[in-house]
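K.L.:
Next come a sequence and a model predicted from it.
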Amino acid sequence: MSRWNAAGVHLGISAFIAALVMAVLYLLWYPASYFTAMGGDKLLFLVIGVDVIIGPLVTLIIFKSGKKGLKFDLSVIAFLQALALGYGVSTAAEARPVYSVFVVDRFEVVPANAIDDSELAKVTRPEFKSLSWTGPRVVGVHKPDDPREASRIVLSLLDGKDLQHYPQHFVPYADVAAEVAHRAKPIAELERLNPQSTGLIDGFLAQHGLKPDQVGFVALRARRGLRAVIVRKNGDIVGTLDVDPWGAS
């Protein structure tokens, strides 16, 4: 086998594995708009860069039919590839979005590694006892009635945490849908803030058979910026647009 054939075989195997990883990231862990909002594209770039490009390239460089120690060299390459791939997949799993929480006047996307096990252990509602592996669950959150718990959460702001990091206070989205509808702003304001995205917004509404006066928008904050969540007058979520809800970027 020539080095080009060997590199081609290596590339085919690596591309197949990368395709499986991409499917898991895009279809399960980081679905729809969360893929770019939570940095799934960067993680995928890491996987492709190491697994699909570097591995086969090294094989192309070092492969020589009949070379002494060739099997060992190829084994080392495969091991290092598997190690890098494992690291990338593990990082993606830990950073996957597990909740989209409505807090006061916006949605906050929460990754798995932002919720402490100690807080998860305090959850009493069965539906919030585990972290999703199939995309974020949309929920609401209520401020605790206990003054000590309320004070603890306020103090946690110093560590960069807020209500969305405490699943023991989560409630079903239906419980906050009316508040979401109340907080939603007119679509006209979203277009005013983002005149360059008017076509995108109008196209989204047309795709869903909606008129501007039938919906509003609420901000969504994720790891890599802001999005606009489009909601109906009853608070039902239509979808998410890659448009800055607080002003043109």
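P.N.:
Structure's in. What do you need? Residues are numbered from 1 along each chain as shown.
K.L.:
Quote the end-to-end distance of stretch 126-144.
P.N.:
Taking Cα to Cα, to the nearest Å, stretch 126-144 runs 18 Å from one end to the other.
K.L.:
Would you mark the buried spots in it?
P.N.:
Applying a neighbour-count criterion of 16 or more other Cβ atoms under 10 Å, one finds 128, 131, 135-141, 144 buried in stretch 126-144. C-beta coordinates here come from the backbone N, C-alpha and C atoms, glycine included.
K.L.:
Max pairwise distance over these: which two?
P.N.:
The span of the buried residues of stretch 126-144, defined through Cβ to Cβ, is set by 135 and 144 at 27.2 Å.
K.L.:
So residue 107 lies in a strand, does it not?
P.N.:
Yes - counting by DSSP: H, G, I helix; E, B strand; the rest coil, residue 107 is located in a strand.
K.L.:
Spatially, what comes nearest to it if we skip its sequence neighbours?
P.N.:
residue 220 (4.1 Å; Cβ to Cβ, 6 or more residues apart in numbering).
K.L.:
Listing request: residues of this structure with sub-threshold pLDDT.
P.N.:
Applying pLDDT under 70 to the chain flags residues 248-249.
K.L.:
can you tell me which helix in it is longest?
P.N.:
Counting residues, the longest helix found in the chain (DSSP state H) is helix 70-94.
K.L.:
Downstream of that one, the next helix or strand is which one?
P.N.:
Where DSSP states H and E defines the elements, the next helix or strand beyond helix 70-94 is strand 97-103.
K.L.:
packing partners for that next one?
P.N.:
Here strand 97-103 touches strand 106-111, strand 137-141, strand 215-222, going by 3 or more Cβ pairs under 8 Å, 6 or more residues apart in numbering; DSSP states H and E.
K.L.:
So what touches that strand?
P.N.:
29-30, 34, 37-38, 107-112, 115, 131-132, 135-141, 162-164, 167, 170, 173, 176, 179-180, 218, 220, 222 (Cβ atoms under 8 Å, 6 or more residues apart in numbering).
K.L.:
Can you report how many residues neighbour residue 199?
P.N.:
Using other Cβ atoms under 10 Å, residue 199 has 9 other residues around it.
K.L.:
for residue 49, same thing?
P.N.:
By the criterion of other Cβ under 10 Å, residue 49 has 13 neighbours.
K.L.:
Return the distance of the residue nearest to residue 107 relative to residue 230.
P.N.:
Distance of residue 220 to residue 230, given as Cβ to Cβ, to the nearest Å: 10 Å.
K.L.:
just residue 9 next, same as before
P.N.:
Plainly put, residue 9 is 47 Å away from residue 230 if you go by Cβ to Cβ.
K.L.:
what does residue 179 give?
P.N.:
Plainly put, residue 179 is 17 Å away from residue 230 if you go by Cβ to Cβ.
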